[in-house]
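In: Got a sequence here, can you model it:
(one chain, ligands or ions: 1)
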Amino acid sequence: MSKEQILSVTGLIKDFGEGETQNHVLKDITLSMAAGEMAALLGPSGSGKSTLLTILGTLMRASGGTHEMLGVDLIHASEAQRTEFRSKNLGFVFQFHHLLPDLSALENVMMPAACAAGRETAAMRDRASELLEAVGLSDRRDFRPAAMSGGQRQRVAVARALINNPVLVLADEPTGNLDRESADHVMALIRTINQTMGSSFLISTHDEYIASHCPRRIELLDGRIVRS
Ligand SMILES: Nc1ncnc2c1ncn2[C@@H]1O[C@H](COP(=O)(O)OP(=O)(O)OP(=O)(O)O)[C@@H](O)[C@H]1O
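Out: Reported below is the predicted structural model:
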């Protein structure tokens, strides 16, 4: 039996600007993802990877087409519905870790859950501890970001993306700021988490080697999917 489909996008377009200066950045994107998939989103600089991830992450709306996730029509949903959907179902990892400098690793990992609930709970703390263990950083739980290496900070960012048990994690060049060895470690870790916890991952990169860690590859060129 085929795996449950979690994401379906058809004929999606994104334009910036108007009139003569209009820029057609995404053109007729059709894409679906199944539960538990891990895919690389490959393409040269300017091909539209970040724009597509930002739309799939409900941080920006498409200009046209359809965008459904878990049966929810995200093109026509209200901003409040999109925000609630995002905090329940999506996780994010960015090129730069964006950890809060005055918080410990554990507190950073807890932050999205504490923000969503409006308070911290013992269960959140336990879950954050488990996630730090999963990314191999139990011994760094009380360290602030400045006391960790780039790779360690990015592993904390991966743990933070998982705190709300997202169905899909969107990662925009998550290893773009790391040396090859640290990048390898982060990608191997993401693959293990993908296999053990079941969250799907869509990871943008322009690096073939990084993409080779992913069982599926989706290639963008000039705003169109040329291979999926
Ligand atoms: N807010 C915006 N307004 C106008 N044009 C934009 C905006 N955001 C992105 N673009 C344009 O959309 C195109 C795709 O940009 P995008 O950042 O999605 O590409 P990318 O594949 O992620 O590139 P990179 O690998 O360099 O990050 C570029 O030509 C960019 O200038």
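In: So Leu103, which state does it fall into?
Out: coil (DSSP: H, G, I helix; E, B strand; the rest coil).
In: pLDDT at the residue nearest the centre of the chain, what is it?
Out: With distances taken as Cα atoms, centre = their mean, the residue of the chain nearest its centroid is Leu170 (1.5 Å). Leu170 is assigned 97 on the pLDDT scale.
In: Spit out the contact partners of the nearest residue to Pro215 once chain neighbours are set aside.
Out: Counting by Cβ to Cβ, 6 or more residues apart in numbering, the nearest residue to Pro215 once its immediate chain neighbours are dropped is Met38, at 5.8 Å. For glycine as for every other residue, the C-beta is placed from the backbone atoms N, C-alpha and C. Going by Cβ atoms under 8 Å, 6 or more residues apart in numbering, Met38 touches Ile190, Arg191, Asn194, Ser200, Phe201, Ile203, Cys214, Pro215, Arg216.
In: redo that, cut-off 10 Å
Out: 169, 187, 190-191, 193-195, 199-203, 213-216 (Cβ atoms under 10 Å, 6 or more residues apart in numbering).
In: C-alpha coordinates for stretch 216-228, PDB please?
Out: Extracted C-alpha coordinates of stretch 216-228, given in PDB (Å, rounded to 0.1, in the frame of the first residue of the first chain):
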ATOM      1  CA  ARG A 216      14.500  11.500  -3.100                       C
ATOM      2  CA  ARG A 217      15.600  14.500  -5.200                       C
ATOM      3  CA  ILE A 218      13.400  17.300  -6.600                       C
ATOM      4  CA  GLU A 219      15.200  19.600  -9.000                       C
ATOM      5  CA  LEU A 220      14.200  23.200  -9.600                       C
ATOM      6  CA  LEU A 221      15.400  25.300 -12.600                       C
ATOM      7  CA  ASP A 222      14.300  28.800 -13.200                       C
ATOM      8  CA  GLY A 223      11.100  28.300 -11.100                       C
ATOM      9  CA  ARG A 224      10.100  25.000 -12.600                       C
ATOM     10  CA  ILE A 225      10.400  21.500 -11.400                       C
ATOM     11  CA  VAL A 226      12.600  19.700 -14.000                       C
ATOM     12  CA  ARG A 227      12.900  16.400 -12.100                       C
ATOM     13  CA  SER A 228      11.000  14.900  -9.200                       C
END
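In: and that stretch, how far from the chain's centre?
Out: 17 Å (Cα atoms, centre = their mean, to the nearest Å).
In: same check, this time on stretch 8-24
Out: Centre-to-centre, stretch 8-24 and its host chain are 22 Å apart (Cα atoms, centre = their mean).
In: contacts for it?
Out: Contacts for stretch 8-24 (Cβ under 10 Å, 6+ apart): 25-33, 48, 51-52, 54-56, 60-71, 74-75, 222-223, 225.
In: before we move on, back to that, phi and psi next, for the residue nearest to Pro215.
Out: Backbone torsions of Met38, given as degrees, to the nearest 10, read phi -130, psi 110.
In: could you pull out the strands for this protein?
Out: Taking DSSP state E, the strands of the chain run over residues 5-16, 23-34, 38-42, 64-69, 72-73, 90-93, 168-172, 200-205, 216-221, 224-227.
In: Before I go, just wanted to say thanks for your time.
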